[in-house]
Structures are given as C-alpha cells and as structure tokens.
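S.K.: Sequence and predicted structure are below.
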Amino acid sequence: MELTSSLSRDLVLEVSKKLGEPQWLQTKRLEAWETFAKLPYPTTRTEEWKYTDITEVPFEELPLELPKGGVSEIPQAVQDRLAQAQLSGYAVFVGADLVHVELPEEYRQQGVIFTSLHQALAQHPELVEANLFQAVNWHDLVGAQKNRPENSKIPALGAALFTHGVFLYIPKNVEFSKPIGVFKYLEGGRLSSSRTLIVGDVNSQAVYIEEYISPARVAPSVNTSSTEIIVGNGAKVRHAHIQLLGQGFYHFHRQRAHLQRDAALNDLVVNMGASISRAEVQSEMLGPGSSSEMLGLYFTTGQEHVDHYTLQHHVADHAYSDVLYKGAAKDQSRTVYAGLIKVEQGAQKTDAYQTNRNLLLSADARSDSVPQLEIGANDVKCSHGSSTAPVAPEELFYLMSRGLPRHLAQQILVKGHMADVLTRIPIEPLRQYIESIIEEKVRV
Amino acid sequence: MVNQLEIRNLHARIVDGETILNGVNLVLPKGQVHAIMGPNGAGKSTLGKIIAGDPSYEITKGDILMDGESILEMEADERARKGLFLAFQYPVEVPGVSNANFLRLALQAKKGGEVNLTEFYGKLQKALETLEWDESILTRYLNDGFSGGEKKRNEIMHMMVLEPTYAIMDETDSGLDIDALKVVAKGVNAMRGPNFGALLITHYQRLLNYIVPDVVHVMIDGRIVTSGGPELAMKLEEQGYDWVKELAVSN
C-alpha cells in the first residue's frame, strides 16, 4: 500500500491501523500528532537551531515510507558491511521492511529479544508498553530548550508517524560482548521514520550498532530516527549510531538514554553523510554511580552540514559523564556542535566533562561550537572546552616532504585529529570501517 | 645528466614578509657530503626548507636544479618522490598513525605502488641495527611523545628507509648528547656512497668530527660567503664567525 497523502491526523490513524497496533499506541501517536500540528518548525531564530537552517527540508512534501512486504533481498552495500562487521546477530531493513533478522540461538535461549518493534508489540506487549516513549518523546525538554517548544516538532513527527523499528531486550544478568548490528538501507525520495528501543535489564551487557546506508545520491529525502536506551541497575550498554546516507538526505536523529544506579553507557555517534544531518544525543544520569561516555566523530565535505547536540543531565549524585566530539570539515561544508552539562541540585559529586574539537581543511569550511554548563550543585567536578583550528601548514609540509600526496597527508592529519576518539572504540572492525570512511572522504 | 643539486642565485622571503635569502649559490655533487655552517639567523634552516618545498616561503629570484631539472614548480611531495629528503629540526608529532605504517605509505608513494612487506621490514631491520634501536619505535605513533633525541634518530631512520638521492639535515645534531650524535652520524655515514649527496646544516663543528664533509660552506645574511675543506670548520670553531662576517661586509 502506498500512502502519498500529505501529513495529516488521518494518515497517523491509517499508519497505526495498517501496522495493527494496540489502542494505547494509537492514542500516543495521536497525542504526538497534536503536538506536531500545533508547533512551528525550529528556525535559525530558535537558539538551539541558530546555525542550522532547515527551511529547505521537504518534511511535508514527500510520501511516507511504509512497509511494502515481499522484500527479501539484502542490498549489496549491506552485504559488504555484513561480511566485514563480525557481528553476533543482525537485522536488515530496506526502507520500512524488515528483510532479515538473525540472533544466535544461545542468546535466544537466555531470553534475549531482538526483533522488529511491531513484532515485539505483538509478542511482548507489556515490555514495549512499559518502555516506549519513556526516554524519547514529544514533551520532555531539558534546560533552556523548555522555553522553546519548537524543539519538540521533529521528535513529535517521529512519534506520530514512525513506520518501523527495532526492539532489543537483554534479560537480567545476561551478557554478550559481540555486537548486534542493525542496518537500515534507504533508497530515498521519501519521508522515513523509525524507532529503536533498547532495554538492558539489571546487570546485563550488550553491544548495539546501528548503521544508515543509502545510494551516494538520492532525490530529496527525509529520515527521522529516535533511539531510546534504558540501562537498568548495574547494566552496561555500548551503542553506536553510524550515519552514512547519501547527498539529498536530511537526517534527524534523537536519542536519549536513561541510566539507573551504577548503569554504564558507552555511546558513539558517527555522522559522515547526508546533506543536512542533526543528531541530538542525551544521557540522563538518573541513578547514583551511573556513567556515560559519549563519543562523536564527523567529517563533512562538499556542501554538507552536520549538527550535533549533546546533553549530560546529572539528576543523581556520584555519576560520571564524558563527552568527546571531534570533527573535520573540508570544502564549503559546515559543522555545528552544542552541548550542555546540566547538574541538578541534588547531584553532588558529579564528575562531568565535555570537549569538542574541530579541524578545518579549507578556508571556506566552518565549524561552530557552543559548550555550556548549568550547575545547580556545589560539590562537583565539571569542565568543558572547545577549539576550532585549520590544519597546521607545517604539519602538512612535514608529511608531504616524505613523499605523501596532499590528500594522503590530510587523511593522516584527520585521523590524527580523531585518534583519541578512534582509540576509544574497542570494536576493531567498526573502528577500521570508520577509518576507511574517513580515507574515502578525504580522497574525494 | 648533471648529477648534482644546484642552488642558483636563490633569493627568497617569507610569503609577503621578510627577505631571508639574498642570492645563494651552492653545488652539491652526488656522492659528496657538504656542511653549511653559520650563525643564528643566517638563513641556513630556511634554505633547507625551501629546497624541500616549504610553501611558507616564496622564491623571488633564482632556481633550484636537481640533476639538471628545476624543481621550483614542484610541491614538496613531488620533490620527495624525485629523491629529495629533509630531516626536520622539529619533526611533527602525528598521533593515529604508527611510525612503521607511515613509512610504508611514504615508501609506497615514492615507488608508486605496493611495497613488498618482507623487503620493507628488511630495510627497517637494517636501519634499526645501524641506529642501535629496538623495534618498539615502529609501533608507536609517528613522533608522538618521542623525546628530542628519539625524534632526531627517527628522522635518520626515515632517511635510511626512503633512500633519497639528496638529503638535507637541518640541525640534526642540536640537542643530542654525544652518544646519540655518534649513532646519528653512523646512520648518515652508512648512506654515503656514489648515489647519495647530503647537506648538513649545523651550528657546531662537533657533528663534523663524526661525519667528515667534503666541503664546508659558511652562510651569513642569506648568502654563502666562503667555502673550503673540513679545516674551515675547525677554524670557525676556534675563531668564531666574526672574521667571516667581516669577509661578508668586504664582499
């Protein structure tokens, strides 16, 4: 079935019916729709969107991508990734269709659930209902964003009209260290919308990698993704969001993790594609002793524009968070980083760090960086720092004087700039893949 | 073909800035080792960087010819692939790429294709042996956290692996203790032969006790004011630069 009608309340109902959803979810979708319908889009006058102009994004002019059914072929680009990634289980989406999902039998026997969100709704309704929209929804804004409700516009769209997604549940005390991978292949020309819900129960451990792939050039396309990560007491989740969409894509990602007592999140966001992409990555330290490592890598070329927002929200005491975002910009591309460390009144003994560093490879490239602190407790350790600098000519000269062509010398300097993030990615095949993307982007 | 590196009436300045070289003439035949000495600010290091293609300087007059061919229009990497090498006074620290991987990339760039790994490691082993060094230096990131002495020694290792036709060593001796100096000299002497020419830029005669040059040039105010045999270095050590400065003025 193809729905080409413009976005409307009826479309929301139609999607929910088509996907066979329970009443509570339909009600949630409609609530989100009401919020979406009444809010304006953020503009460059919205503080959080000051450097990112989305007036050209055709949110409401594209057909919504719905499951077609009968799709079974895994695209070559995904097959190549599967061959390299050394995963334990994996899922492949083409558009809104889940074409393949696989989980080792031993995990299944231990009670791990890894399936499409709608399958999970049918088979584990209580688990999904208890957790969906807890972390990412259309109303919970933190800090100064509260004063500008238009920040909820795109998350509300994502909640009202998501068409597919993934559910991962790791039961109590179950641990696995080999990554589970989810590949979302998008052909473009549509509005795509997906949700991911990851629930790590008490003392569990999991590694989850999500990758967005498309042809190198597509007709104007919009993709929104929402990722909710619930990390239970003593649980550990390693999560990576890798965006490598083609030119023509407008990608909007929002994720938020809830960290309970002694929970740990190691998060990585890699944005290396799309015409405009924005990732909002948030960690809420809700339990004492929780810790969140949040790494970011981005490299823009041509006319690309990438925007990152991070939130380290310290609600509980004795928690730790560390943001390290590093990027490089070439040609006429632009990068934006804004981050907030917010420490609530009771969050004593907070340990929070935030660093953003940018490397400019051309005179026309630009990076804006806005680190912020809001500290309501008096016994905390917090620091933030940011820098933006062009490639040092003497470094380039040194490498070229050994015979390396300019592009190779630049590639080494970009990797050098990103080295302290790259070395913190313990998943070897993933790190190699990211390095190969950087190499490719420097060359072109 | 003329087997020499020739600096012909070279005038140069910092891009849009101060003039540093005022007509340098120098011929380094292949197979020889020359030294350039001179006081601080004479332009010795600048000359080295300009020969290697540092884009922060511009040539206002003159030419640089390698085996008869002008290299002025070539970027630094092309000059290097033609067989030129500059050992830096201050090598750059580059995290993220190991010393050995970087060298392999450089060697591949020079050869224009894949480098046989066995052959590559053979070269590395030989260089390490000459430089009395162990393999741990290969896996460390390029110059990252290296001591001053390690950086200088590493420059010589790069030179030994890349096997340039003409090498310029920019104050490779500065900051080295006597043992390190001997090791570095051993590396340079191992390279000596009919297919290798070197230009040693130095402040002190000390290095020349271990690498005996064929010719010594003295540079003052951006020009070579006098040249001679190794005994010239001894004279400078004993008498200082004042007499050469007078010579420069009277010229």
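M.R.: Thanks, I have the structure now.
S.K.: Mind telling me what element the residue of the stretch 151-300 of chain A found nearest chain B is part of?
M.R.: Distances between the stretch 151-300 of chain A and chain B by C-beta to the nearest C-beta are smallest at A:Leu297, namely 12.2 Å. C-betas here are computed from N, CA, C, even on glycine. Under the criterion of DSSP states H and E, A:Leu297 resides in strand A:291-300.
S.K.: related to what we said a few turns ago, I'd guessed the residue of the stretch 151-300 of chain A closest to chain B sits against A:Ile434; true?
M.R.: Yes: here A:Leu297 reaches A:Ile434: they are 6.5 Å apart, a contact under C-beta atoms under 8 Å.
S.K.: Now for these two: what residues contact both?
M.R.: By the contact definition C-beta atoms under 8 Å, 6 or more residues apart in numbering or on different chains, A:Leu297 and A:Ile434 are jointly contacted by A:Val270, A:Met272, A:Leu422.
S.K.: neighbour-wise, which of those residues leads?
M.R.: Using other C-beta atoms under 10 Å in any protein chain shown as the neighbour test, these are led by A:Val270, with 24 neighbours.
S.K.: dump the residue contacts of that one.
M.R.: A:Val270 makes contacts with A:Ala240, A:His241, A:Ile242, A:Gln243, A:Leu244, A:Gly296, A:Leu297, A:Tyr298, A:Ile434, A:Ile437, as judged by C-beta under 8 Å, 6+ apart.
S.K.: Residue 117: how many residues sit nearby?
M.R.: Since no chain was named, I'll use chain A. Neighbour count of A:Leu117, defined by other C-beta under 10 Å: 23.
S.K.: try again with chain B
M.R.: B:Leu117 - counted by other C-beta under 10 Å - has 9 other residues nearby.
S.K.: which residues of chain B fall in strands?
M.R.: Remark: strands assigned in chain B by DSSP state E are B:4-14, B:19-29, B:33-37, B:57-66, B:69-70, B:84-87, B:94-98, B:141-142, B:166-170, B:197-202, B:215-220, B:223-228.
S.K.: Could you show which parts of the stretch 151-251 of chain B are in contact with chain A?
M.R.: Residues of the stretch 151-251 of chain B found near chain A, taking C-beta under 8 Å from any C-beta of the partner chain as the criterion, are B:His158, B:Leu162.
S.K.: Please enumerate the helices of the stretch 151-251 of chain B.
M.R.: Counting by DSSP state H, counting those that start in this stretch, one finds helices in the stretch 151-251 of chain B at the ranges B:178-191, B:230-239, B:242-250.
S.K.: roughly how far apart are the residue of the stretch 151-300 of chain A closest to chain B and A:Glu435?
M.R.: Noted for A:Leu297: a distance of 10 Å to A:Glu435, by C-beta to C-beta, to the nearest Å.
S.K.: More neighbours: which of those two?
M.R.: Neighbour count, other C-beta under 10 Å: between A:Leu297 and A:Glu435, A:Leu297 has more, with 23 against 17.
S.K.: secondary structure class for the closest residue to that one other than its chain neighbours?
M.R.: With sequence-adjacent residues excluded and distances taken as C-beta to C-beta, 6 or more residues apart in numbering or on different chains, A:Leu297 is closest to A:Val270, at 4.8 Å. Assigned by DSSP: H, G, I helix; E, B strand; the rest coil, the conformation of A:Val270 is strand.
S.K.: For chain A, what is the nearest residue in chain B?
M.R.: Of the residues in chain B, the one nearest chain A is B:Gly96, at a distance of 3.3 Å by C-beta to the nearest C-beta.
S.K.: That residue: what's it in contact with?
M.R.: With contacts defined as C-beta under 8 Å, 6+ apart, the neighbours of B:Gly96 are A:Ile412, A:Lys415, A:Gly416, A:His417, A:Met418, A:Ala419, A:Leu422, B:Tyr141.
S.K.: make it 7 Å
M.R.: If you count contacts by C-beta atoms under 7 Å, 6 or more residues apart in numbering or on different chains, B:Gly96 has them with A:Lys415, A:Gly416, A:Met418, A:Ala419, A:Leu422, B:Tyr141.
S.K.: sorry, back to before: mind checking the helices of the stretch 151-251 of chain B for the one nearest to B:Asn40?
M.R.: For the helices of the stretch 151-251 of chain B, proximity to B:Asn40 was assessed by C-beta to C-beta; helix B:242-250 is nearest, at 12.5 Å.
S.K.: by contact count, what packs against that closest one?
M.R.: strand B:215-220, strand B:223-228 (3 or more C-beta pairs under 7 Å, 6 or more residues apart in numbering or on different chains; DSSP states H and E).
S.K.: List the neighbouring strands of the first one plus their orientation.
M.R.: Put plainly, it is strand B:215-220. According to DSSP bridges, the neighbouring strands of strand B:215-220, each with its direction, are strand B:33-37 (parallel), strand B:223-228 (antiparallel).
S.K.: Redo those strands as TSV? Include mean pLDDT and mean neighbour count.
M.R.: Conversion of the strands paired with strand B:215-220 to TSV gives the following (pLDDT from 0 to 100; neighbours: other C-beta atoms under 10 Å in any protein chain shown):
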stretch	mean pLDDT	mean neighbour count
strand B:33-37	97	24
strand B:223-228	95	18
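S.K.: okay if I get those strands as a markdown table plus distance to B:Thr165?
M.R.: Putting the strands paired with strand B:215-220 into a markdown table (distance: least, C-beta to C-beta, whole Å) gives the following:
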| stretch | distance to B:Thr165 |
| --- | --- |
| strand B:33-37 | 13 |
| strand B:223-228 | 22 |
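S.K.: Kindly confirm my reading that A:Ser194 is in a strand.
M.R.: Yes: if the criterion is three-state DSSP, then A:Ser194 is within a strand.
S.K.: okay but it is in contact with A:Ala159, surely?
M.R.: No: at 11.5 Å, A:Ser194 does not count as touching A:Ala159 under the criterion of C-beta atoms under 7 Å.
S.K.: more crowded one of these two?
M.R.: More neighbours surround A:Ala159 than the other of A:Ser194 and A:Ala159, with 27 against 24 (other C-beta under 10 Å).
S.K.: what's in contact with whichever strand or helix holds the more buried one?
M.R.: Counting by DSSP H and E, the element that carries A:Ala159 is helix A:153-161. Counting by C-beta under 7 Å, 6+ apart, helix A:153-161 makes contact with A:7, A:12, A:15, A:28-29, A:32-33, A:35-36, A:39, A:41-42, A:59, A:64, A:133, A:136-138, A:193, A:224, A:226, A:252, A:254, all of which sit outside it.
S.K.: mind listing the strands for the stretch 201-350 of chain A?
M.R.: Remark: strands assigned in the stretch 201-350 of chain A by DSSP state E, counting those that start in this stretch are A:205-213, A:217-231, A:236-244, A:247-259, A:264-271, A:276-285, A:291-300, A:305-314, A:320-329, A:334-343.
S.K.: Mind checking the pLDDT average for the first one?
M.R.: If I follow you right, that is strand A:205-213. For strand A:205-213, the per-residue pLDDT values average out at 98.
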